[in-house]
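[1] Just a sequence and a predicted model for now, questions to come.
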Amino acid sequence: MFHVTLDGALLGERPPDFKEGDPALQATDDRPPWFVRRFEQLSRVWQWIVLGLAAAALLYGLSLWMEPDEPLPGDLEERAVLAGKALGKGEWKTLKRLAKPGTAKKLDQWYQKVRPKAWEDVTGDATVDVKVGDIRKLLKKYEGSTAVVDALADLEIGIAGKPEIRVSLVWCEDKFAEWWLDGEATLESARGTKSKNEKPGQQQTQPQLSEKPANPYAD
């Protein structure tokens, strides 16, 4: 009894685990990836250099990923300035950190609505001038005998060579006396942005907040 292989006819039965195939192709499949072969062709010194550069790049990436965010300012006016600069520079991550829990999606809609297209090329290195107007506290509701108060901050945001806009931000205070940007209320207040550089005849309304009763406990 004999069987036929690529090498010709052989005596005996075909082995049960025998697999036909081109030995040249099998040898190709067993070859390591090209970058491994390239690395093995380098001298020992260059291998150490390449490994060192790869390790440095990995550590740098990990440091950026694990870098903690800077703490948010505690003062309401400082948070308003931070929000205005983030809007000017296009730093959505910062605005999201300032958002009241559960309102980030609405805040993103506001961000897309009020940020001018002329600011699309503004980066984090740009100088953004933020002027905070009067911060008015508004009564939202009562929880027992405690007044729950929102704050309305009007901002003027300017960037050199770009149109200036005015926006209104609605903030709410939590039980720890920290202020958070209410994305839902801020979106509702936004009816457009007004540029100081707009041409005569252009009609563009400034963001406004719906009227609420004054807070009797406000300073």
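    Cool, got the structure.
[2] Longest helix in this protein, by number of residues?
    Looking only at the chain and at elements set by DSSP state H, the helix with the highest residue count is helix 44-66.
[3] what's the average pLDDT for that helix?
    Helix 44-66 carries an average pLDDT of 79.
[4] Can you name the residues in contact with the helix or strand following it?
    Past helix 44-66, further along toward the C-terminus, the next helix or strand under DSSP states H and E is helix 76-89. Outside of helix 76-89, the residues within contact range by Cβ atoms under 8 Å, 6 or more residues apart in numbering are 72-73, 91-92, 94-95, 98, 111, 114-115, 119, 122-124, 126, 128, 130, 132, 135, 151, 153, 155, 157, 159, 167, 169, 171, 179, 181. The C-beta positions use only the backbone N, C-alpha and C, and glycine is treated the same way.
[5] buried ones in helix 76-89?
    Using 16 or more other Cβ atoms under 10 Å as the test for burial, helix 76-89 gives Leu76, Arg79, Ala80, Val81, Leu82, Ala83, Gly84, Lys85, Ala86, Leu87, Gly88, Lys89.
[6] Doesn't Asp125 belong to a strand?
    No. If the criterion is DSSP: H, G, I helix; E, B strand; the rest coil, then Asp125 is coil and not within a strand.
[7] Would you check which pair of the buried residues of helix 76-89 lies furthest apart?
    Pairwise distances across those (Cβ to Cβ) peak at 20.6 Å, for the pair Leu76 and Lys89.
[8] before we move on, the earlier item: in ChimeraX, how would I select just the buried ones from the contacts of helix 76-89?
    A single ChimeraX command is used to select the members of these judged buried by 16+ other Cβ under 10 Å:
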select :91,92,94,95,98,111,114,115,119,122,126,128,130,132,151,153,155,157,159,167,169,171,179,181
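[9] among the contacts of helix 76-89, which are in helices?
    In helices, judged by DSSP H, the following of the contacts of helix 76-89 are found: Trp92, Thr94, Leu95, Leu98, Tyr111, Val114.
[10] between the strand ranked longest in the chain and helix 76-89, how many degrees?
    Once the chain is assigned using DSSP state E, the strand that runs over the most residues is strand 128-143. Per axes from the mean of the first three to the mean of the last three Cα atoms, to 10 degrees, the angle that strand 128-143 makes with helix 76-89 is 130 degrees.
[11] elements contacting strand 128-143?
    Strand 128-143 is packed against helix 76-89, strand 146-159, with contacts defined by 3 or more Cβ pairs under 8 Å, 6 or more residues apart in numbering; DSSP states H and E.
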